[in-house]
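1. this is the structure alone, sequence omitted:
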DNA sequence: TAGCTCGTTGGACAA
DNA sequence: TTTGTCCAACGAGCT
């Protein structure tokens, strides 16, 4: 009888299109599933509270799916290197499979584990489950990593269409396991909030797990994709996929999403157009680009991609940061977004740009403070997307917006939430205002305010900054930076 | 090589 | 109310 293989699950909490699992199952021997909650290894960034909530439920779902095959999910809470090695020793497994991660600390751990396993004569093999294109394979003509999205994506696509997903293994053999020392119960990881339990809005909004992800994808393809090209910027419409947390935890993979969307359109099952599909595929491309940037710039979440931003005159203003975090800035679209985030662990992409621009350009608060808050509060907090997107908004990133692009939160609100539906939903104290002033209540007449039951400064705050003046201040601050010198990228400057 | 084009997501202002 | 133009300068990437 073939000996058993370990599948080390990480950001790939699914059975379908999971190459590590497929390979292990194909060996014919029993499969042992392992998850290690490792926040101790050198450089590892602890997940935020919202992510931990999601992780708990996604692991529950994964454990249930595996158990249906007779495969237990062993859980550990310690440095991964120790847990994986002990698992191999105590179970007598002869192979370990996993799917790759792309952060520097994660790569270091995986490399160390692979070295340990090889030294012990154990097969160790890594696979790609979470990206369409490996970051090191996409290069410019002179061999450099790309810094601009469009040529990156052209070059990636020129290597061919993303490979098709593979189905879940039809059978996975379970193993009679001895107790493995150090294994803990999921509850012992303490991933859920208790004092207080702030996750009520999360439970109303989400169903984590592979089945929930498949359901969300189907729903989006049937009801959302046809809106995508035209309305993906509208936070008041169901025009986006909300697959981000599912992709973050690998409950579904980008290959599955890519091909499911293409098939749904080409089978004629849905009423979307090629334009919708292309736009949606391009967004998957942005996810790829973020990982490309992270892989080649490991410190993306901490260090300005353009080092000239190191001299930016950020304001240290805890009080303003707090108002922004709580959704009490007095700017309706900003407050709506921040409250949606707080309540559900998610925010519409367009609104993320608006609130981020407000923090960085209107309040002149360091983008890293925003990145950290998002890291803690987003269920889709992702080491690549979060960091790359904050740097993009701040202007310090790759392919960043020109400095004079400062989002005007009032006109953005009026353009993308024209009927105030989104604002009224998340900022109910403004619900009675007419459309003409719902995005700028400080311009409403006393009579209109009274009619709506709004008392500025009492039931809802006045705007904490005047956007016009804030914009001028931001442009002046940006103008104070010296033009970019050479060697501005993170990776070329951090080899200290 | 040197030159050329382009750069996800905008805003203000003039006509 | 809508549309066109300009807003810096420069680096990326290609030819």
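-> Perfect, thanks for sending it. None of the values given here were measured: they were computed from a predicted structure.
2. so which elements touch the strand or helix carrying residue A:153?
-> Per DSSP states H and E, residue A:153 falls inside helix A:149-158. For helix A:149-158, the elements it packs on are helix A:274-296, judged by 3 or more CB pairs under 8 Å, 6 or more residues apart in numbering; DSSP states H and E. Bear in mind the C-beta positions are built from the backbone N, C-alpha and C, glycine included.
3. contacts for the very next helix or strand once past the helix it packs on?
-> As assigned by DSSP H and E, the chain's next helix or strand after helix A:274-296 is helix A:318-326. Applying CB atoms under 8 Å, 6 or more residues apart in numbering, the set of residues contacting helix A:318-326 from outside is A:329, A:334, A:338, A:342, A:355, A:358-359, A:363, A:365, A:369, A:373, A:461, A:464.
4. cutoff 7 Å now
-> The contact list for helix A:318-326, computed with CB atoms under 7 Å, 6 or more residues apart in numbering, reads A:329, A:338, A:359, A:363, A:365, A:369, A:373, A:464.
5. how much space is there between the fourth one and residue A:338?
-> Applying CB to CB, to the nearest Å, one obtains 13 Å for the distance of residue A:363 from residue A:338.
6. before we move on, what about the fifth one?
-> Distance of residue A:365 to residue A:338, computed by CB to CB: 13 Å.
7. show me the strands in the stretch 51-200 of chain A, by range?
-> Here the stretch 51-200 of chain A has its strands, by DSSP state E, counting those that start in this stretch, at A:73-76, A:95-99, A:123-127.
8. neighbour count: residue A:365 and residue A:338, which is higher?
-> Neighbour count, other CB atoms under 10 Å: between residue A:365 and residue A:338, residue A:338 has more, with 26 against 20.
9. isn't the more buried one up against residue A:327?
-> Yes - applying CB atoms under 7 Å as the test, residue A:338 and residue A:327 come out as touching, 3.7 Å apart.
10. how about the contacts made by the nearest residue to residue A:460 once chain neighbours are set aside?
-> Counting by CB to CB, 6 or more residues apart in numbering, residue A:460 lies nearest to residue A:429, which is 4.9 Å off, once chain neighbours are set aside. Counting by CB under 7 Å, 6+ apart, residue A:429 makes contact with A:454, A:459-460.
11. rerun that using 8 Å as the cut-off
-> By CB under 8 Å, 6+ apart, the contact list for residue A:429 reads A:453-454, A:459-460.
12. quick one: pLDDT of it?
-> Residue A:429 carries a pLDDT value of 97.
13. for it, helix, strand, or coil?
-> Using DSSP: H, G, I helix; E, B strand; the rest coil, the structure places residue A:429 in helix.
14. out of the strands of the stretch 51-200 of chain A, which gets nearest to residue A:189?
-> Among the strands of the stretch 51-200 of chain A, strand A:73-76 comes nearest to residue A:189, with 6.9 Å by CB to CB.
15. go through that closest one and flag the buried ones.
-> A:73-76 (16 or more other CB atoms under 10 Å).
16. ok, now stretch A:132-146?
-> For stretch A:132-146, burial by neighbour count (16+ other CB under 10 Å) applies to A:132-135, A:138, A:145-146.
17. hmm, which two among those residues are most spread apart?
-> Farthest pair in those, by CB to CB: A:132 and A:145, 16.2 Å.
18. need the residues of chain A near DNA strand B, please.
-> Residues of chain A lying near DNA strand B by CB under 7 Å from any atom of the strand: A:148-150, A:233, A:282-283, A:286, A:349-350, A:353, A:389, A:392, A:399, A:401, A:404-408, A:411-412, A:415, A:467-468, A:471.
19. just to revisit the earlier point, redo the strands of the stretch 51-200 of chain A as a markdown table? Include mean pLDDT.
-> Below are the strands of the stretch 51-200 of chain A laid out as a markdown table (pLDDT from 0 to 100):
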| stretch | mean pLDDT |
| --- | --- |
| strand A:73-76 | 98 |
| strand A:95-99 | 98 |
| strand A:123-127 | 98 |
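20. with distance to residue A:296 added, can I get the ones you listed in TSV?
-> Converted to TSV, the strands of the stretch 51-200 of chain A look like this (distance: least, CB to CB, whole Å):
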stretch	distance to residue A:296
strand A:73-76	31
strand A:95-99	20
strand A:123-127	19
